[in-house]
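**Q** The following comprises the amino acid sequence and a computationally predicted model.
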Amino acid sequence: MPAVSKGDGMRGLAVFISDIRNCKSKEAEIKRINKELANIRSKFKGDKALDGYSKKKYVCKLLFIFLLGHDIDFGHMEAVNLLSSNKYTEKQIGYLFISVLVNSNSELIRLINNAIKNDLASRNPTFMCLALHCIANVGSREMGEAFAADIPRILVAGDSMDSVKQSAALCLLRLYKASPDLVPMGEWTARVVHLLNDQHMGVVTAAVSLITCLCKKNPDDFKTCISLAVSRLSRIVSSASTDLQDYTYYFVPAPWLSVKLLRLLQCYPPPEDAAVKGRLVECLETVLNKAQEPPKSKKVQHSNAKNAILFETISLIIHYDSEPNLLVRACNQLGQFLQHRETNLRYLALESMCTLASSEFSHEAVKTHIDTVINALKTERDVSVRQRAADLLYAMCDRSNAKQIVSEMLRYLETADYAIREEIVLKVAILAEKYAVDYSWYVDTILNLIRIAGDYVSEEVWYRVLQIVTNRDDVQGYAAKTVFEALQAPACHENMVKVGGYILGEFGNLIAGDPRSSPPVQFSLLHSKFHLCSVATRALLLSTYIKFINLFPETKATIQGVLRAGSQLRNADVELQQRAVEYLTLSSVASTDVLATVLEEMPPFPERESSILAKLKRKKGPGAGSALDDGRRDPSSNDINGGVEPTASTVSTPSPSADLLGLRAAPPPAAPQAPSGAGNLLVDVSSDGPATQPSLGPTPEEAFLSELEPPAPESPMALLADPAPAADPGPEDISPPIPEADELLNKFVCKNNGVLFENQLLQIGVKSEFRQNLGRMYLFFGNKTSVQFQNFTPNVVHPGDLQTQLAVQTKRVAAQVDGGAQVQQVLNIECLRDFLTPPLLSVRFRYGGAPQSLTLKLPVTINKFFQPTEMAAQDFFQRWKQLSLPQQEAQKIFKANHPMDAEVTKAKLLGFGSALLDNVDPNPENFVGAGIIQTKALQVGCLLRLEPNAQAQMYRLTLRTSKEPVSRHLCELLAQQF
């Protein structure tokens, strides 16, 4: 509200405000306000017309009463009438009243719009600014529809005053944020970019804010702003504090504009023009150099402005991730802030270094500050800073420092704030698994984790240690011994009991020879915890007891006594009661052989990546991608539990972006519902959980085949609601496959899901399933940048005669992929006859105005249409002899490229598609398989035999099929997997 001056009078307003302030009670204030409202109402309704001054005074009083918290239900029309005044003070009060009191849905909006339109057309800069401010303050959709086309013209008009341009830019920004669809893109977009060269710094500042917002959705329209922004930034950075006196803040030239320009540049990739890029690098180096200079003022405002520019500069350096020298310098500069007395600076430094740690250029530089970060974790008083320190330790961890970081985080966990304990637990579990120097250290770490913070150890963590112990013979005895010792503690967490129950039930026999851990001692130790546990844990322990009867027959009588107890057979919980009854009957009725078969040791869990990382990402939220990204991998690291091998792209190109597709980590297993069937402990551990994307799921085979049934001839695209264009580019229209295309294809020969390709811009994930000669594949295209992909076009191309051998129907995808988003494409596949070459996947799009092209080999190989076939040994050898022609056999002797692990080999052969036949080959070390390749035209029977020679580290692979090309091709495909 404008101040009351001698020239402007409004003495009545000043008296009224004085009376309100002098009121001794709330009742007195309300009485005075009601009296004034009655007076104003009578004046407005009186026969005597009020002049502009009186209207202004009474409208001001109403505005003051409203600001005191009282409702105002009249006076709006008088305020609208003030808009037609030619006096600035009267028009200003009218616009102020409307901005504060008029609802965006008011019936007066049309009258107000007419008054605003008159002011915008008046060419009076003062009136135009008042009108623009009102549009921005009200910001209704109706106002946007009325003026969205006029404001850009005012903004770029050559005769508009600087103050008007500034107001127009900010008004347009407000309308765009409220209703982006109302702001039309047109010729003005090219002209608004040139406002970055305007001499008035206020206009430039407002224009940068507008362009930064607009370019996020339409980057191509504003890409010319890069060179202009660099030029303007260079002039500011190189200027002295005296050059821009009106825009110098505590000896820092134009700090707000500098920060906005740096943020604008983060919307685009590095400049392609070498001169522009060189000038920008020079600017960034200058900012880093100035940060080392002594401060020109001791006031906090000076350091705040200086550091704001510095941190935004570092953010731009991290965004480009292409200048090793700048990245290392940025890291060193942040390292100086780690011990700064200002808490906010320490927090920001830790947060920025988390992102720097994901860059291959600066990772080593970040590691040099490990002692300082560990000290911050121990001594910081602010919990948010301690949390960022934990994030940074997690990000900088690799094989060289994993033991130190994990031990420090475990030590901190004992005194950590409850709010971040679960997150610390997840980080420790991930690091211990990813960088395990040996399995005993991993087991010790996880058990220590449960001991220190058992309440915060989620199911994913202890599920994972059970998977790894089950899959590794060399650690099972150590795990049993360690968990037995841990259970002897007087106070033992329930999660420890769960882990102990499972491991001792499976591998307790490995430590039974020691009198201190004899079978009766193991049982007594576990049963002493039974009455303290929840129902789910008791159910697990009952399953352990029946396992003990199989492992240790001498404990049978004792355990049967426990199962026969009334507290079990008549337990109120139906699950416990059912288990007790079934286990007791099983142990009494079944013979030793049957018992051994039913309660045999759990098989190894299928190879898959850890689900703990997915849980940590969910806990951190979508903005935590940089700190949690799994894209940067230590080349020496090796996920235990036989984790899925990373593709070439995942180990080569670091990225601050999060995993967009969720394909690197398996979904968490479901909550442990202990099964009632005997001999099945924690069966849910091995379940893959729900798919994160629409999948083919556990549908019956008939339903699956009916869904994939090819369309009828009279309706060639019946399956597809939105068919792809008929004129797909031919092989001559696309670029050749990338050099690593064959290597990426080989990764999918024995699996159907995973990340097919990844670089700094794009991630392509695959999920697929095949039945008989039909298949369905989901392709997920993830934009890893903050810039929208334009003209995004993925196409499947059939080289050569492949179109007569393989039918692929595709659905069209959106032509624009927003930054950080993903799109899905569905492919329906039908194998018409045997084929040797896979189809090609061509991906084209525009990024930052530059065309991008990529060609990969689609992971569809002939073995995907394998139907496994079981047969007896006699049938196998009979069929083997029938396929004895030289052209029907393909054989290859080759050296092993991976460790010769029987379980891994078995998993790969099953993934290849054939059935594994037991007790067929006289040599039990050999693998024998059989299957039928299903095509629409014919079926091709296939028999295979794999003979490993562990001593020579060699394999001999023999395949026999009824078609010579198929034999050779399958032999070549399978040999590359070992």
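**A** Perfect, thanks for sending it.
**Q** Any idea how far the host helix or strand of residue 453 is from the middle of the chain?
**A** Using DSSP states H and E, residue 453 maps to helix 439-453. Computed by CA atoms, centre = their mean, to the nearest Å, the chain-centroid distance of helix 439-453 equals 28 Å.
**Q** Please shift the residue numbers so they start at 27 in all later answers.
**A** With the count now opening at 27, the last piece we talked about shows up as helix 465-479.
**Q** So what's the model's average confidence on it?
**A** For helix 465-479, mean pLDDT is 88.
**Q** tell me which residues of that helix are tucked away?
**A** Buried positions in helix 465-479, judged by neighbour count with 16 or more other CB atoms under 10 Å: 465, 468-479. Just so you know, the C-beta spots here come from the backbone N, C-alpha and C atoms, and that holds for glycine as well.
**Q** where are the low-confidence patches of the chain?
**A** Scanning the chain for pLDDT under 70 picks out 27-35, 130-132, 267-269, 633-759.
**Q** Would you map out the domains in it?
**A** Per the record, the chain has its domains at 218-318, 462-625, 765-886, 889-1002, by the TED database.
**Q** Which parts of the stretch 327-476 of the chain are helices?
**A** Under the criterion DSSP state H, counting those that start in this stretch, the stretch 327-476 of the chain contains helices at 350-363, 369-382, 389-393, 396-405, 409-422, 428-439, 444-460, 465-479.
**Q** So what touches the second one?
**A** Put plainly, it is helix 369-382. Helix 369-382 has contacts (CB atoms under 8 Å, 6 or more residues apart in numbering) with 333, 337, 340-341, 344, 353, 356-357, 360-361, 363-366, 388-389, 391-392, 395, 399, 402, 406, 408, 410-411, 414-415, 417-418, 421-422, 652-653, 682.
**Q** Apply 6 Å and report the result again.
**A** 337, 340, 344, 357, 360, 363-364, 366, 388, 392, 408, 411, 414-415, 417-418, 421, 652-653, 682 (CB atoms under 6 Å, 6 or more residues apart in numbering).
**Q** Show me just the buried residues among the residues you listed.
**A** Listed as buried from the contacts of helix 369-382 are 337, 340, 344, 357, 360, 363-364, 388, 392, 411, 414-415, 417-418, 421, 652-653, 682; burial here means 16+ other CB under 10 Å.
**Q** possible to save the domains of the chain as JSON lines with distance to residue 442?
**A** Formatted as JSON lines, the domains of the chain follow (distance: least, CB to CB, whole Å):
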{"stretch": "domain 218-318", "distance to residue 442": "33"}
{"stretch": "domain 462-625", "distance to residue 442": "8"}
{"stretch": "domain 765-886", "distance to residue 442": "31"}
{"stretch": "domain 889-1002", "distance to residue 442": "38"}
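**Q** Identify whichever of these lies nearest to residue 156.
**A** domain 218-318 (16.6 Å; CB to CB).
**Q** Would you mind measuring the gap between the ends of the closest one?
**A** One end of domain 218-318 sits 36 Å from the other (CA to CA, to the nearest Å).
**Q** check which helix or strand covers residue 159.
**A** Assigned by DSSP H and E, residue 159 falls within helix 151-164.
**Q** Are there helices or strands packed against that helix, and which ones?
**A** Helices and strands touching helix 151-164, by 3 or more CB pairs under 6 Å, 6 or more residues apart in numbering; DSSP states H and E, are helix 114-127, helix 135-147, helix 188-204.
**Q** So what touches stretch 878-893?
**A** Counting by CB under 6 Å, 6+ apart, residues outside stretch 878-893 touching it are 760-761, 763, 767, 771, 774-775, 783, 792, 796, 799, 857, 860, 864-871, 938-940, 957-960.
**Q** Against residue 818, how distant is the nearest residue to residue 113 once chain neighbours are set aside?
**A** Counting by CB to CB, 6 or more residues apart in numbering, residue 78 is the residue found nearest to residue 113 once chain neighbours are left out, at 6.2 Å. Going from residue 78 to residue 818 by CB to CB, to the nearest Å gives 59 Å.
**Q** how about the helices of the stretch 777-926 of the chain, start to end?
**A** With DSSP H, counting those that start in this stretch, the ranges of helices along the stretch 777-926 of the chain come out as 899-908.
**Q** was I right about residue 88 contacting residue 99?
**A** No - if you go by CB atoms under 6 Å, residue 88 and residue 99 don't touch, sitting 10.0 Å apart.
**Q** pretty sure residue 951 is in a helix, no?
**A** No - going by DSSP: H, G, I helix; E, B strand; the rest coil, the assignment for residue 951 is coil, not a helix.
**Q** ok, so what distance separates it from residue 972?
**A** 10 Å.
**Q** With neighbour numbers in mind, choose between those two.
**A** Higher neighbour count among residue 951 and residue 972: residue 972, with 23 against 11, using other CB atoms under 10 Å.
**Q** Got phi/psi on the more buried one?
**A** phi -120, psi 120 (degrees, to the nearest 10).
**Q** Would you mind confirming that it makes contact with residue 955?
**A** No - if you go by CB under 6 Å, residue 972 and residue 955 don't touch, sitting 7.8 Å apart.
**Q** re earlier: and the helix holding residue 159, what's buried?
**A** In helix 151-164, counting by 16+ other CB under 10 Å, buried: 153, 154, 155, 156, 157, 158, 159, 160, 161, 162, 163, 164.
**Q** Kindly report the same for stretch 978-985.
**A** Buried residues in stretch 978-985, counted by 16+ other CB under 10 Å: 981, 983, 984, 985.
**Q** Stretch 607-623 now?
**A** Across stretch 607-623, burial judged by 16+ other CB under 10 Å covers 607, 608, 609, 610, 612, 613, 616, 621.
**Q** And the fifth one, how close does it get to residue 567?
**A** Look at residue 612 and residue 567: by CB to CB, they are 16 Å apart.
**Q** number of nearby residues for residue 52?
**A** What residue 52 shows, counting by other CB under 10 Å, is a neighbour count of 8.
**Q** who touches it in this structure?
**A** Here residue 52 is in contact with no residue (CB under 6 Å, 6+ apart).
**Q** got it, and residue 966?
**A** Contacts of residue 966 (CB under 6 Å, 6+ apart): 959, 987, 988, 989, 992.
**Q** Need the three-state assignment for the nearest residue to the fourth one once chain neighbours are set aside.
**A** Read that as residue 989. With sequence-adjacent residues excluded and distances taken as CB to CB, 6+ apart, residue 989 is closest to residue 966, at 5.4 Å. Three-state call for residue 966 (three-state DSSP): strand.
**Q** which strand residues sit across from residue 966 in the sheet?
**A** With DSSP bridges applied, residue 966 shows beta-bridge pairing to residue 959.
**Q** ok, back up a step: the helix holding residue 479 - contacts with which helices or strands?
**A** helix 428-439, helix 444-460, helix 499-513.
**Q** Tell me the gap between the first one and the middle of its chain.
**A** When distances are taken as CA atoms, centre = their mean, helix 428-439 is centred 26 Å away from the chain's centroid.
**Q** Only alpha carbons, please: show that helix as CSV.
**A** This file holds the C-alpha atoms of helix 428-439, laid out as CSV (Å, rounded to 0.1, in the frame of the first residue of the first chain):
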residue,chain,number,x,y,z
ALA,A,428,35.3,-50.6,1.0
LYS,A,429,36.5,-52.2,4.2
GLN,A,430,37.3,-48.8,5.8
ILE,A,431,34.1,-47.2,4.8
VAL,A,432,31.9,-50.1,5.8
SER,A,433,33.5,-50.3,9.2
GLU,A,434,33.1,-46.6,9.8
MET,A,435,29.5,-46.7,8.8
LEU,A,436,28.9,-49.6,11.1
ARG,A,437,30.6,-47.8,13.9
TYR,A,438,28.5,-44.7,13.2
LEU,A,439,25.3,-46.8,13.1
